[in-house]
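> this one's sequence-less:
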């Protein structure tokens, strides 16, 4: 077992400040962990990595330390049984309210570190924080409980239901393994677990370290009993020993990430643990004739540009392709030109972030190939921002193709929107959100066809980036997927 040392509250919960870099320069430092009070950190010095001018420190955890942490969380979770669900929602809601308050130190701390650790620009990081934290307030969390459970008291007591009584129980320990491509997802996972009275261990992703750690630290002041039932840790990909220890201790495992990541974690999860996969997903937009009149098209263009730009297109809800229906006042080629102008304008207010080297290389390859195809004939047009990452490719070929991300969108014309479902069917197992505009009374028929093709959400274009907290996340209830229901049947 790793030798441990009990430190101060700040040492255990992690803290932020300045630390000396190897070359002697001072780097702002973020500690990528948050632990229950009085739980000892390993004596081995934390490791670190530098990103965007910030040093991120993380704990060198061994399997026994993780097992001890899991036991501590289980014990704290058992003490939540008598706490009312409404009171838990109110306590958790203080996190969202603080992160939305421009004068709160928690929000300032988040925005100090979020751009560097996520790769987003400062304006984009602030906009993403606003969109995410809006769903972490008490009102939204209570609405989530009511929308999904009908009677939130199901988590507090047995509720009469015809000839039986029913109560819902959260897992004795939830382990959530995060991807880190979109900041805020880890905090949502954390709050969902605590909302169903489940202690939770969050294995944060590299790009989503800041918000879940700060959320736990904030709970330490607002609701110590809830803070004692959750922990946030990080270790680099490939460190299977501590992760295996966490998976073996879990009653519920959720994993976010690529198909390969999900496959690897599923193989190491006990068969008796409930397993939920939020694997790689792709989304798209469709714009019907009704939104393509000269008077209306600018609204659709702005909404598509916003959906592409948010999260720098790294979200599962970010569109890869926009299908433009022929026969409107503006055709697909003109729509692409307008969309390029809108994305260029967004660089003034929501500038793009920094692409990883491999992503940047793929983008240059894509632009080069599109430029050659555009020179060969009229079926392809390329618009891009040069040093800015945004790229728009008009293609007459309607086949669905995934994007290399970082605000790269393909515009493809179709004769009728009824064709879209068949075009995206090869991606059925990975489809998620379809943003729509200008479909009028065809929405029901279109949504049915898209649902049969694999989509799990059809939403207005301007709602694409931020689903409501009660949405059926990848087709499943975000809370009920975690719950075990117990029936008490009446005597005949």
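All right, it came through fine. Only a predicted model underlies this, so the values are computations on that prediction, with no experimental measurement involved. Numbering: from 1, shown residues only.
> Go ahead and confirm residue 454 touches residue 427.
Yes. Applying CB atoms under 8 Å as the test, residue 454 and residue 427 come out as touching, 7.0 Å apart. Any C-beta I mention is one placed from the backbone N, CA and C, and that applies to glycine too.
> From residue 482, how far off is residue 164?
Going from residue 164 to residue 482 by CB to CB, to the nearest Å gives 21 Å.
> Those two: which is more packed in?
residue 482 (24 against 13; other CB atoms under 10 Å).
> residues contacting that one?
With contact set as CB atoms under 8 Å, 6 or more residues apart in numbering, residue 482 has these partners: 170, 171, 174, 192, 193, 196, 198, 252, 254, 274, 276.
> can you check residue 111 too?
122, 125, 126, 129.
> 10 Å instead, please
Shown in contact with residue 111 (CB atoms under 10 Å, 6 or more residues apart in numbering): 99, 102, 122, 125, 126, 129, 210.
> export those to TSV and tack on neighbour count, distance to residue 224 and secondary structure?
Output for the contacts of residue 111, formatted as TSV (neighbours: other CB atoms under 10 Å; distance: CB to CB, whole Å; DSSP: H, G, I helix; E, B strand; the rest coil):
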residue	neighbour count	distance to residue 224	secondary structure
99	26	19	helix
102	9	26	coil
122	14	33	helix
125	22	29	helix
126	18	29	helix
129	21	25	helix
210	30	22	helix
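> Quick check: the two most widely separated of the residues you listed?
By the measure CB to CB, 102 and 210 form the most distant pair in these, at 17.3 Å.
> ok, then the element right after the longest helix along the chain?
For the chain, the helix with the greatest residue count under DSSP state H is helix 357-376. Downstream of helix 357-376, the first helix or strand assigned by DSSP states H and E is strand 380-384.
> Parallel or antiparallel, list what pairs with that next one.
Strand 380-384 pairs in its sheet with strand 391-395 (antiparallel), by DSSP bridges.
> averaged over its residues, what pLDDT does the strand it pairs with have?
On average, the pLDDT along strand 391-395 is 98.
> same check, this time on stretch 435-449
98.
> Can you name the residues in contact with the longest helix of the chain?
Residues from elsewhere that reach helix 357-376, judged by CB under 10 Å, 6+ apart: 119, 312, 314, 354-356, 379-384, 386, 389-395, 397, 403-408, 410.
> What sits closest to residue 428 if chain neighbours are left out?
residue 454 (3.1 Å; CB to CB, 6 or more residues apart in numbering).
> Contact partners for that neighbour?
421, 424, 425, 426, 427, 428, 429, 430, 431, 432, 475.
> Sort out which one of the residues you listed lies nearest residue 214 for me.
So of the contacts of residue 454, ranked by how close each gets to residue 214 (CB to CB), first place is residue 432, at 27.5 Å.
> In which helix or strand does the closest one reside?
strand 431-437.
> contacting residues around the helix or strand that comes right after that strand?
Later in the chain than strand 431-437, the nearest helix or strand by DSSP H and E is helix 443-452. Identification of contacts with helix 443-452 by CB under 10 Å, 6+ apart yields 284, 286, 288, 417-422, 424-425, 428, 431, 434, 436, 439-440, 442, 455-460, 475.
> I'd like the distance from helix 443-452 to the chain centre, please.
Taking CA atoms, centre = their mean, to the nearest Å, one finds helix 443-452 lying 25 Å from the centre of the chain it belongs to.
> Okay, buried residues for it please.
For helix 443-452, burial by neighbour count (16 or more other CB atoms under 10 Å) applies to 446, 447, 449, 450, 451.
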